[in-house]
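Peer 1: generate coordinates for the sequence data below:
(one chain, ligands or ions: 1)
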Amino acid sequence: MGRKSIRKALEIKSVFLLFSFSQISETLSHTTSPSPPSSSTANLRRILLGVLFGSLTGGFASIVFLLSIRFFVLFANRIPILDGPVTFSSKISVKTLKSVISDYSGSPQLLGSNPNGKYLKFVLDNQLTVAVKMMLEPNCSKGSPRKNLGPWKREVQRELELLAKVNHRNVMSLRAYIRDSDRLSLVYDYIPNGSLDDAMKRLRSDKLLFGWELRHRIAVGIVKGLKYLHFECTPRILHYDLKPSNVLLDENFEPKLADCGLARLVMASLDTSVSSCYVAPECFQSCRYTDKCDIYSFGVILSFLLTGRDPSDPFFMGVSGRGSLGRWLRHLQHAGEAQEALDKKTVGEGDEEEMLMAIRIALVCQSDLPADRPSSDELEAMLTQLHSF
Ligand SMILES: Nc1ncnc2c1ncn2[C@@H]1O[C@H](COP(=O)(O)OP(=O)(O)OP(=O)(O)O)[C@@H](O)[C@H]1O
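Peer 2: Below is the predicted model of the structure:
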């Protein structure tokens with residue numbers, strides 16, 4: 001290599017070193033000394049802020065959008081409040097209901113009445129006989145109308161539609177209803193035999209005689225109706241007011257539960273105090289009503305069927321300390337004298353053992369603790385197996 005070429009190589013190397021040095025010093029100056037942000041950093045910052053704001057606004061807008069869709073769907077699905085007569089039976093026309101029931105043109109016969117309303121018998125244009133329960137429109141709270149009637153009216157309507165759908169031989173289904181401004185009329189099939197209460201009254205005055213076999217069949221039918229309401233209906237239906245006047249008997253003495261769930265609507269609106277001998281003790285202390293409250297009421301009905309004694313009889317009141325039909329029965333049971341309680345008119349040959357077992361069932365239904373009472377499906381099994389004991 002000649003001198004010339006060596007010099008050239010040295011020149012190139014020094015230029016290269018100079019370039020590297022300037023680059024390193026520039027990098028160092030960037031990292032060690034603070035300097036105003038360059039335009040690329042500002043751009044980056046702007047982009048990041050843009051993305052952040054964009055996603056926040058997008059998220060907020062989608063929440064608002066989803067909520068408005070939800071409200072729209074809820075609004076569209078809202079049940080419209082039906083005014084005027086509503087019929088669930090092809091045999092009953094809206095026109096007939098309006099002319100006969102709303103205008104009272106059918107010269108009705110009074111079947112029963114109480115402070116909350118009355119039962120009337122009407123014969124429609126097509127000669128169909130119906131029983132109509134007329135009561136105050138349940139929209140009043142302690143006498144004053146509710147402020148927001150819409151949701152309440154919808155709830156009553158939902159309950160009535162549920163009662164129209166019940167389909168069981170031991171439960172009355174609602175055939176139609178009419179809503180006037182202050183009156184709600186519920187239309188049911190007319191049952192000529194009347195109620196268990198009517199039958200027990202005729203029995204006490206010796207106008208009717210029916211033995212344990214028929215009474216047992218009535219008890220089993222009531223429990224089958226309860227089991228259907230408690231376990232086979234969706235949502236489940238609680239009776240709330242099970243008593244002999246709400247058990248109708250058809251021409252074959254097959255029981256049919258009437259007024260299912262109605263007391264809840266009336267009680268919620270009028271704050272009616274519970275006062276019946278058929279109401280479970282816990283209902284007096286709390287407003288919580290369960291299927292076990294219906295079971296308690298059934299226990300009292302079964303005691304009535306076994307003893308023939310009306311639980312509201314003065315025999316159980318006053319200073320004698322008997323307290324109630326259930327307490328009196330329990331006392332006799334503990335004393336080993338349960339057969340003293342049996343209705344002498346009913347005791348036929350071979351019935352006594354079965355009736356004594358039925359007293360035990362009636363008492364377990366009236367246990368103070370709701371958890372100690374059987375459910376309606378357990379009760380059905382217990383009662384139907386009575387014959388095999
Ligand atoms: N569908 C029906 N067919 C025939 N008679 C009926 C029918 N529904 C009710 N009744 C008669 O009406 C009576 C019941 O009337 P009502 O319901 O007004 O009295 P209540 O049972 O004491 O009251 P509530 O059940 O509202 O507390 C029954 O004992 C029965 O005689």
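Peer 1: residue 85 reaches residue 178, doesn't it?
Peer 2: Yes. With contact defined as C-beta atoms under 8 Å, residue 85 and residue 178 form a contacting pair (4.5 Å). For every residue, glycine as well, the C-beta is placed using N, CA and C.
Peer 1: got any residues that touch both of these two?
Peer 2: Here residue 85 and residue 178 share the contacting residues 97, 98, 101, 102, scored by C-beta atoms under 8 Å, 6 or more residues apart in numbering.
Peer 1: generate a markdown table for those residues, with secondary structure and distance to residue 154 as supplementary columns.
Peer 2: Formatted as a markdown table, the shared contacts of residue 85 and residue 178 follow (DSSP: H, G, I helix; E, B strand; the rest coil; distance: C-beta to C-beta, whole Å):
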| residue | secondary structure | distance to residue 154 |
| --- | --- | --- |
| 97 | helix | 21 |
| 98 | helix | 23 |
| 101 | helix | 23 |
| 102 | helix | 22 |
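Peer 1: now for the residue positioned nearest the centre of the chain: which residues touch it?
Peer 2: Centroid-nearest residue in the chain: residue 237, 4.9 Å away (criterion: C-alpha atoms, centre = their mean). Residue 237 makes contact with 162, 163, 166, 229, 230, 260, 261, according to C-beta under 8 Å, 6+ apart.
Peer 1: swap the cut-off to 10 Å and go again
Peer 2: Residue 237 is in contact with 159, 162-163, 165-166, 171, 226, 228-230, 257, 260-261, 264, 291, 294, counting by C-beta atoms under 10 Å, 6 or more residues apart in numbering.
Peer 1: need the next SSE after the helix ranked longest in the chain, C-terminal direction.
Peer 2: What stands out as the longest helix in the chain, according to DSSP state H, is helix 39-77. Following helix 39-77 in sequence order, the next helix or strand is strand 86-87 (DSSP states H and E).
Peer 1: rounded mean pLDDT for the helix or strand just after that next one, please.
Peer 2: Using DSSP H and E, the helix or strand that follows strand 86-87 towards the C-terminus is helix 94-96. In this model, helix 94-96 has an average pLDDT of 87.
Peer 1: partner strands of the helix or strand following helix 94-96, parallel or antiparallel?
Peer 2: Going down the chain from helix 94-96, the next helix or strand is strand 109-114, by DSSP H and E. Sheet pairing of strand 109-114 (DSSP bridges) gives strand 117-123 (antiparallel).
Peer 1: can you pull the buried residues of the helix or strand that comes right after the partner strand?
Peer 2: Downstream of strand 117-123, the next assigned helix or strand under DSSP H and E is strand 129-136. Neighbour-count burial for strand 129-136 flags 130, 131, 132, 133, 134, 135 (criterion: 16 or more other C-beta atoms under 10 Å).
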